[in-house]
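Q: Kindly generate the corresponding structure for this input.
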Amino acid sequence: MADPTPADEHLVFRQYLDAVGLHGMAGAEAVGLGASEWYALSQIALEGTLTSGELAARTGLTTGATTRLIDRLERAGFVRRAADPDDRRKVIVEPVADSLDRIEKVIGPARRRIAEVLNLYTPDQRAVLFDYFAHAAPAFRAATEEIRGAAAHGRQRKGGAAARRS
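A: Numbering: from 1, shown residues only. Now for the predicted structure:
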């Protein structure tokens, strides 16, 4: 097979990203969560605990929307609020350990299938893949912040234009 062209590579990468995104949406739906809740729960599970402010910063939600998101996750039994041991004025959000078993059951098939794919590669090739993941994740987070910043700027400009028309 000939070397892939940049257009071929772009297509393969888009298909990969779409498949990952679709899997995330399906996982969220399977446990009764929305995409923001799924992402927030993932962040809480990865960190062990987050304050609501930290969670707001990571999700890009307002503090009010983050409070409502935490309320929904708490009602669903995925997280609980606790006093921050270092600053009793703060509240931390922590995962409910047993609830993460529900998530693991949902994502287990993907973990198994991806492990099978990774096993097709040599240890050196896997090292390259994981190096890519380690560099790509922060790049995607930075790009997300750029998108959010541009969208917020566009909303401000639109709101200002509407106010001038009034």
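
Q: now the lengthiest strand in the chain, how far from the chain's geometric center?
A: The residue-count maximum for a strand in the chain (DSSP state E) belongs to strand 87-95. Strand 87-95 sits 21 Å away from the centroid of its parent chain (C-alpha atoms, centre = their mean, to the nearest Å).

Q: helices or strands next to that strand in the packing?
A: helix 35-47, strand 50-51, helix 52-59, strand 79-84 (3 or more C-beta pairs under 8 Å, 6 or more residues apart in numbering; DSSP states H and E). Where you see a C-beta, it was placed from the backbone N, CA and C, and this is true even at glycine.

Q: Show me what that strand is in contact with.
A: With contact meaning C-beta atoms under 8 Å, 6 or more residues apart in numbering, strand 87-95 is reached by 41, 44-45, 48-52, 55, 70, 73, 78-84.

Q: Also compute the angle for it relative to strand 79-84, please.
A: 160 degrees (axes from the mean of the first three to the mean of the last three C-alpha atoms, to 10 degrees).

Q: Which strands or helices does the helix or strand just after strand 87-95 pack on?
A: Per DSSP states H and E, strand 87-95 leads on to helix 99-118 as the next helix or strand towards the C-terminus. Judged by 3+ C-beta pairs under 8 Å, 6+ apart, the packing partners of helix 99-118 are helix 6-30, helix 35-47.
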